[in-house]
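K.L.:
below are the sequence and a predicted model for it; my questions follow.
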Protein chains: 2
Amino acid sequence: ALAAPAIAQAMPEVKWRVQSSFPKSLDTIYGGGVTIAETVAALTDGKFQIDLGEAGRFVPGPQALDAVQNDTVEACHTCSYYFVGKDPTFAIGTALPFGLNARMQNAWIIEGGGQKLLDDFYSNYNIVSFVAGNTGVQMGGWFRKEIKGIDDLKSVKMRIAGLGGMVMAKLGAVPQQIPGGDIYPALEKGTIDAAEWVGPYDDEKLGFYQVAPYYYYPGFWEGGPSIHLFVNKAKWEALPPAYQAALKAGAATANQTMLAKYDVKNNTAIRSLVGKGVKLRPFPRDVLEAAYGAAFDIYGEISAKNAKFKTIYEPWKKFRDESYQWFRVAEYTFDSFGFAQQAKGG
Amino acid sequence: ALAAPAIAQAMPEVKWRVQSSFPKSLDTIYGGGVTIAETVAALTDGKFQIDLGEAGRFVPGPQALDAVQNDTVEACHTCSYYFVGKDPTFAIGTALPFGLNARMQNAWIIEGGGQKLLDDFYSNYNIVSFVAGNTGVQMGGWFRKEIKGIDDLKSVKMRIAGLGGMVMAKLGAVPQQIPGGDIYPALEKGTIDAAEWVGPYDDEKLGFYQVAPYYYYPGFWEGGPSIHLFVNKAKWEALPPAYQAALKAGAATANQTMLAKYDVKNNTAIRSLVGKGVKLRPFPRDVLEAAYGAAFDIYGEISAKNAKFKTIYEPWKKFRDESYQWFRVAEYTFDSFGFAQQAKGG
């Protein structure tokens, strides 16, 4: 009889509203939020309930961060780089062009000091963060005309946002911001010449291949973009410890499952797309080289005027450079040799 | 008052003994078990307690699987390929030479059909499995003399177990099975000529560089070895659903955290080793090519006489080949270009 109240208190009913930044039609990335909700429910015998809203349900998309900050919703499942308009520092937690691949991104955030650097910044917005999904390297997008070299990018109107868009602008393209649902008609009419979206699985569903047959890779602006769970700090701190652990475990499970799903689904979708006649092309070397230079110029320009950006960027850059060096040793040679041998029919 | 008994029943005190296959000195891989225990405790307010034993504590190392099967311990945290002596099929869940990298391994097991195939096989041993750790590509090991080509492997006595050892034997080397603690003196005295262990972080602690200065890569027999949690099936089924969810979440957290730790620690250790004069070398091309051929010959030989192996191997091979093809597109070109550019001083 003495123990019962303590147990009851330890498992109170808690209901949270979590705003996803994704439509249900992007089932894999939206599904990361579903994984969090289902994991948390399973871990607490349904006592901690998460009501997940698809993009726009509780608040319009661009207000997801404000809504968490102001406690209109308890949390959002989102990409931090959607909020670069508030501060470009928000780009780093998701992906910087020519940055970390998915595995390095996890290493940096979880064990490489990234979590603290990011949360110090997010604390300005009353937020704590949990890495909760990754898409892997995205594709470079759909182009109506072939890009044979950097000159072919001049004046190309491309749907691409954030720092990727800034890089493309330095290469002569004209970045456009268009919601997902409006891309197809814009490409079809020629209002835009190119558009990036996610990767083969999500892209195939929107049918871009029917109006822009050249499919470029890699999406160098998103080498391993993390999706985050942003949680209102006071609401986080008020959770019982076991519910904090449940939310963390839900995020970790989503982080793992989303990438595994994309790796399986993209693998099927790329074959389907090629079967439909899609022209798969690597970006020309001169495009990549110019983009690489432009990207690091941009980071230098932002760092010069934004101390918050610089505080995270500098250790991030060191981690990135050293990870590139180490991954070149064992990981890259394992992949290189195996891929080449398999391609020869082995 | 009505609710209290139901809640108390939902969170009974459960104590499990989990046998790790690793010594505490391998803090990162042993630490995967610690992560599981800590996560499960946090998720259940300490009601589900895991007593983790380092290698040999509850039962001697080679008996860990039997001990789970016979319910001497409830679970073990291990590499399935330690048990290839029972059946070579146990190799597949951890790693086959020239198989999956860490990310493909997660994709195959979690979302690519691997979990069911493996658990159908493990059910012969009363076991259910959870992926619960990964080291990333391991290193190829320490050699007293330089290996300039396949002829230099002839009669080389190398500490390497399992299918990797079978491949090395086909190349003319003589595989040896030696416990970790005995490797250093054997290399020092020249009783053996070479030894593989894990990667820079774990290898540095054992000091092999002092007696065998050539450090080869990649460990092509372990492209992304999974560590598994093997759980006695009846004990698993008897757990309350929330505790099942806790164990799953603990395994998922360990799976993510262990790889992130290795990626950070190996990055530091490889620099330290190179600073100590270690001679870092890629395996010569003719060694890799001969090993590749030998590996797939071995899988064919095993498949011809072992239906259990064949049942898992064939869909695994299809998944592996298709993943190699897809990863070559976006992931590999992102890494290739970035690594090369960074190496040029970018």
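P.N.:
Noted; the coordinates are in hand. Residues are numbered from 1 along each chain as shown, chains lettered A, B, ... in the order given.
K.L.:
run a quick neighbour tally on the closest residue to A:V198 other than its chain neighbours.
P.N.:
Sequence neighbours aside, A:Q138 is the residue nearest to A:V198 in space, at 5.6 Å (criterion: CB to CB, 6 or more residues apart in numbering or on different chains). In this view, the C-beta of every residue, glycine as well, is placed from N, C-alpha and C. A:Q138 has 28 neighbouring residues, counting by other CB atoms under 10 Å in any protein chain shown.
K.L.:
ok, the one 4 residues further on next?
P.N.:
One way to gauge burial is a neighbour count; for A:W142, by other CB under 10 Å, it gives 28.
K.L.:
tell me the secondary structure at it.
P.N.:
Under DSSP: H, G, I helix; E, B strand; the rest coil, the three-state class of A:W142 is strand.
K.L.:
touching, it and A:I192? I think so.
P.N.:
No. When contacts are counted by CB atoms under 8 Å, A:W142 is not listed as touching A:I192 (9.9 Å).
K.L.:
what residues sit buried inside stretch A:284-304?
P.N.:
Residues of stretch A:284-304 classed as buried: A:284, A:287-296, A:298-299, A:302-303 (neighbour count, 16 or more other CB atoms under 10 Å in any protein chain shown).
K.L.:
is it true that A:I109 touches A:L118?
P.N.:
Yes. With contact defined as CB under 8 Å, A:I109 reaches A:L118; the gap is 7.0 Å.
K.L.:
how about the CA coordinates for stretch A:62-69, as PDB?
P.N.:
The C-alpha coordinates for stretch A:62-69 follow below in PDB (Å, rounded to 0.1, in the frame of the first residue of the first chain):
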ATOM      1  CA  PRO A  62       7.200  27.900 -40.800                       C
ATOM      2  CA  GLN A  63       5.800  28.500 -37.300                       C
ATOM      3  CA  ALA A  64       6.800  25.100 -35.900                       C
ATOM      4  CA  LEU A  65       9.800  26.400 -34.100                       C
ATOM      5  CA  ASP A  66       8.000  29.400 -32.600                       C
ATOM      6  CA  ALA A  67       5.200  27.100 -31.500                       C
ATOM      7  CA  VAL A  68       7.600  24.900 -29.500                       C
ATOM      8  CA  GLN A  69       9.400  28.000 -28.100                       C
END
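K.L.:
quick check: mean pLDDT across that stretch?
P.N.:
What stretch A:62-69 shows for mean pLDDT is 97.
K.L.:
check the offset of it from the chain's centre.
P.N.:
Averaged C-alpha coordinates place stretch A:62-69 at 17 Å from its chain's average position (CA atoms, centre = their mean, to the nearest Å).
K.L.:
for stretch A:246-256, same thing?
P.N.:
16 Å.
K.L.:
does that stretch reach chain B?
P.N.:
Yes. Judged by CB under 8 Å from any CB of the partner chain, stretch A:246-256 and chain B are in contact via A:246, A:248-250, A:252-253, A:255-256.
K.L.:
one step back: show me the two of the buried residues of stretch A:284-304 that sit farthest apart.
P.N.:
Taking CB to CB, the two most distant members of those are A:P284 and A:S303; they sit 28.9 Å apart.
K.L.:
quick check: residues of the stretch 101-250 of chain A near chain B?
P.N.:
A:101-104, A:106-107, A:110-112, A:136-139, A:199, A:217-220, A:223, A:241-242, A:245-246, A:248-250.
K.L.:
which of these are buried?
P.N.:
The buried subset of those - by 16+ other CB under 10 Å - is A:101-104, A:106-107, A:110-112, A:136-139, A:199, A:217-220, A:223, A:242, A:245-246, A:248-250.
K.L.:
which ones among those residues map onto strands?
P.N.:
A:Y217 (DSSP state E).
K.L.:
for A:E289, which non-adjacent residue is spatially closest?
P.N.:
B:Q341 (7.4 Å).
K.L.:
kindly apply the preceding question to A:E196 instead.
P.N.:
A:G141 (3.2 Å).
K.L.:
hang on, the one you found packs against A:Y214?
P.N.:
No. A:G141 is not in contact with A:Y214 according to CB under 8 Å; the separation is 9.1 Å.
K.L.:
neighbour count for these two, which is higher?
P.N.:
It is A:G141, of A:G141 and A:Y214, that has more neighbours when counted by other CB under 10 Å, with 26 against 18.
K.L.:
so what pairs up with that one in the strands?
P.N.:
Taking DSSP bridges as the rule, A:G141 bridges to A:Y216.
K.L.:
for it, give its distance to A:P200.
P.N.:
12 Å (CB to CB, to the nearest Å).
K.L.:
with A:D120 instead?
P.N.:
A:D120 is 36 Å from A:P200, by CB to CB.
K.L.:
more neighbours: which of the two?
P.N.:
More neighbours surround A:P200 than the other of A:D120 and A:P200, with 28 against 12 (other CB under 10 Å).
K.L.:
who's in contact with that one?
P.N.:
Contact partners of A:P200, counting by CB atoms under 8 Å, 6 or more residues apart in numbering or on different chains, are A:139, A:265-266, A:269-270, A:272-273.
K.L.:
quick check, pLDDT for A:A4.
P.N.:
In the predicted model, A:A4 carries a pLDDT score of 45.
K.L.:
list the residues that contact A:F143.
P.N.:
A:156, A:193-194, A:212, A:214-216.
K.L.:
could you pull out the buried residues of whatever helix or strand A:A330 lives in?
P.N.:
Using DSSP states H and E, A:A330 maps to helix A:307-343. For helix A:307-343, burial by neighbour count (16+ other CB under 10 Å) applies to A:308-309, A:312-313, A:316, A:319-320, A:322-324, A:326-339, A:341-342.
K.L.:
so which elements touch it?
P.N.:
For helix A:307-343, the elements it packs on are helix A:90-94, helix A:102-106, helix A:114-122, helix A:285-305, strand B:214-217, helix B:241-275, helix B:285-305, helix B:307-343, judged by 3 or more CB pairs under 8 Å, 6 or more residues apart in numbering or on different chains; DSSP states H and E.
K.L.:
and the gap between the residue most central in space within chain A and chain B?
P.N.:
The centre of chain A sits closest to A:P225, judged by CA atoms, centre = their mean, with a distance of 3.5 Å. From A:P225 across to chain B, the span is 12 Å (CB to the nearest CB, to the nearest Å).
K.L.:
so what's that residue up against?
P.N.:
Here A:P225 is in contact with A:79, A:81, A:94-95, A:105, A:134-135, A:138 (CB under 8 Å, 6+ apart).
K.L.:
could you single out the nearest of these to chain B?
P.N.:
A:Q138 (7.2 Å; CB to the nearest CB).
K.L.:
just the element for A:C76, please.
P.N.:
Here A:C76 is assigned to strand A:75-78, by DSSP H and E.
K.L.:
parallel or antiparallel, which strands does that strand pair with?
P.N.:
Applying DSSP bridges, strand A:75-78 is found paired with strand A:14-20 (parallel), strand A:226-232 (antiparallel).
K.L.:
what would the residues of stretch A:246-256 next to chain B look like in CSV with pLDDT?
P.N.:
Below are these laid out as CSV (pLDDT from 0 to 100):
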residue, pLDDT
A:A246, 98
A:K248, 98
A:A249, 98
A:G250, 98
A:A252, 98
A:T253, 98
A:N255, 98
A:Q256, 98
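K.L.:
next, count neighbours for A:G207.
P.N.:
With other CB under 10 Å as criterion, A:G207 counts 13.
K.L.:
and the residue nearest to it when sequence neighbours are not counted, what's its pLDDT?
P.N.:
Leaving aside its sequence neighbours, A:G207 sits nearest to A:Y184 (CB to CB, 6+ apart; 6.1 Å). We have a pLDDT of 97 for A:Y184.
K.L.:
is it correct that A:Y184 is in contact with A:K205?
P.N.:
No. Here A:Y184 does not reach A:K205: they are 10.6 Å apart, not a contact under CB under 8 Å.
K.L.:
between those two, which one's more packed in?
P.N.:
A:Y184 (17 against 14).
K.L.:
where does the more buried one land in three-state SS?
P.N.:
Quick answer, by three-state DSSP: A:Y184 is helix.
K.L.:
in contact with it, which residues?
P.N.:
A:Y184 neighbours (CB under 8 Å, 6+ apart): A:206-208, A:211.
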